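please find the sequence and the predicted model below.
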Amino acid sequence: MKLKGKVKKYILDKLADEKRLHFSLLDPYKIKTENELNYIAKNLYEAGTDAFLIGGTLGVSKERLDFVLSSLEEYEIPKIIFPSNINLISEIADALLFLSLLNSDDIYYIIGAHIVAAPIIKMLQLEAIPTGYVIIGYGGTAAHVGRARVIPYDNFELALAYTLAAEYLGMSFVYLEAGSGAPEPVRPEMISFIKKITNIPLIVGGGIKGVDIARRLTEAGADIIVTGNIIENDLERAIKIIRGIKNNW
Ligand SMILES: CC(C)=CCC/C(C)=C/CC/C(C)=C/CC/C(C)=C/COP(=O)(O)OP(=O)(O)O
Ligand SMILES: O=P(O)(O)OC[C@@H](O)CO
Ligand SMILES: [Mg+2]
């Protein structure tokens, strides 16, 4: 509750202090029971994750979203909605990633959902965090649904161009997404290439399954690492990733 409306500032201040953060993606469709959610959330929080992202592309209802958000209330880190569409807006959250899928072919995912969502967000007094969402490589369900023209893993110039465009549009973050469950994450070389030239904070996710790749990505300049599937599939490994990123063994 204390963080409501102050999440962007909280993240930027924490980044200034700690240089690298970790966000835990929880999918309300995949987490079935309150016990399971409590167990997972407690472990992630104790390992030092910096925020909960709540979302999923398929199967997520507003009811499930609210159930997860309200169960997480006791944790003093931001609870941020990661929306796949306009049905996933809830006043229980501390903030919402106001994602524009910059490499979509469908205007709905660039500005269409946004004009429908904006008056609702205003009415609920929810904090919207302007985020350029760019899908790379594998793409997964988000790319399919969002009609993204995915950027090849090795086309660093193209990823840089989108990142610069997001920066010049005044967005607060760029989320470089390889797709949920990607067999290969975004390459660290792509991150260092972009980071040399841009200042906008980078959120990097998709297919990050181990501490070594997570650390290589942060060393290359990723500001925030997101893990989702590994939390669902192997919580111990997810905890190692968090501790590794935060140097908190
Ligand atoms: C501004 C508002 C309210 C909505 C905009 C919505 C936009 C632009 C979405 C972009 C396209 C999209 C489908 C993004 C999905 C992002 C997301 C929640 C990814 C994580 O989910 P997955 O892990 O891919 O989902 P599954 O687990 O269901 O496969
Ligand atoms: O589920 P994973 O592969 O960790 O991906 C996380 C996130 O970037 C997906 O939107
Ligand atoms: Mg998922």
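That came through fine. Ligands and ions are numbered 1, 2, ... in the order given.

how many neighbours does Met233 have?
To be clear, residue 233 is Asn; Met isn't right here. 11 (other C-beta atoms under 10 Å). For glycine as for every other residue, the C-beta is placed from the backbone atoms N, C-alpha and C.

so where's the protein uncertain?
1, 248-249 (pLDDT under 70).

all helices of it, in order?
7-18, 34-47, 62-71, 107, 113-124, 140-145, 156-168, 188-195, 211-220, 229-233, 235-245 (DSSP state H).

which elements pack onto the first one?
In terms of contacts (3 or more C-beta pairs under 8 Å, 6 or more residues apart in numbering; DSSP states H and E), helix 7-18 is packed against strand 21-26.

got it, and the last one?
In terms of contacts (3+ C-beta pairs under 8 Å, 6+ apart), helix 235-245 is packed against strand 21-26, helix 34-47, helix 211-220, strand 224-227, helix 229-233.

just how off-centre is the last one within its chain?
Its chain's C-alpha centre lies 15 Å from the corresponding centre of helix 229-233 when counted by C-alpha atoms, centre = their mean, to the nearest Å.

ok, that helix near ligand 2 or not?
Yes: against ligand 2, helix 229-233 shows contacts by C-beta under 6 Å from any ligand atom at 229-230.

tell me who's in contact with Gly196.
Not quite, residue 196 is Lys, not Gly. Gly221 (C-beta atoms under 8 Å, 6 or more residues apart in numbering).

give me the neighbour count for Gly206.
28.

same check, this time on Leu124
14.

for Arg215, same thing?
For Arg215, using other C-beta under 10 Å, the count is 18.

that one is in contact with Lys246, isn't it?
No: contact criterion C-beta atoms under 8 Å: Arg215 and Lys246 do not qualify, at 10.4 Å.

residues of this protein that sit close to ligand 2?
So far as C-beta under 6 Å from any ligand atom goes, the chain lies against ligand 2 at 25, 142, 177, 180-182, 205-208, 226-230.

who wins for most neighbours among these?
Glu177 leads the residues of the chain next to ligand 2 on contacts (other C-beta under 10 Å) with 31 neighbours.

who touches that residue in this structure?
Counting by C-beta under 8 Å, 6+ apart, Glu177 has contacts 133-136, 142, 186, 205-206.

which ones among the residues you listed are found in strands?
Within the contacts of Glu177, residues falling in strands by DSSP state E are 133-135, 205.

ok so, going back, in a markdown table: the helices and strands packed on helix 235-245, plus distance to ligand 3.
Formatted as a markdown table, those follow (distance: least, C-beta to the ion, whole Å):
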| stretch | distance to ligand 3 |
| --- | --- |
| strand 21-26 | 7 |
| helix 34-47 | 14 |
| helix 211-220 | 17 |
| strand 224-227 | 11 |
| helix 229-233 | 6 |
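
between the ones you listed, which one is closest to Leu65.
Of all the helices and strands packed on helix 235-245, it is strand 21-26 that lies closest to Leu65, at 10.0 Å by C-beta to C-beta.

and the angle from the closest one to helix 34-47?
170 degrees (axes from the mean of the first three to the mean of the last three C-alpha atoms, to 10 degrees).

tell me what strand 21-26 is packed against?
Looks like strand 21-26 contacts helix 7-18, helix 34-47, strand 51-54, strand 202-205, strand 224-227, helix 229-233, helix 235-245 (3+ C-beta pairs under 8 Å, 6+ apart).

got the contact list for stretch 78-85?
3, 7, 10-11, 23, 25, 50-58, 60, 65, 69, 72-73, 88-90, 92-97, 99, 113, 117, 129, 142, 145.

if we can go back for a sec, want to throw the helices of the chain into CSV with distance to Pro201?
Converted to CSV, those look like this (distance: least, C-beta to C-beta, whole Å):
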stretch, distance to Pro201
helix 7-18, 6
helix 34-47, 21
helix 62-71, 24
helix 107, 26
helix 113-124, 21
helix 140-145, 20
helix 156-168, 10
helix 188-195, 10
helix 211-220, 12
helix 229-233, 22
helix 235-245, 15
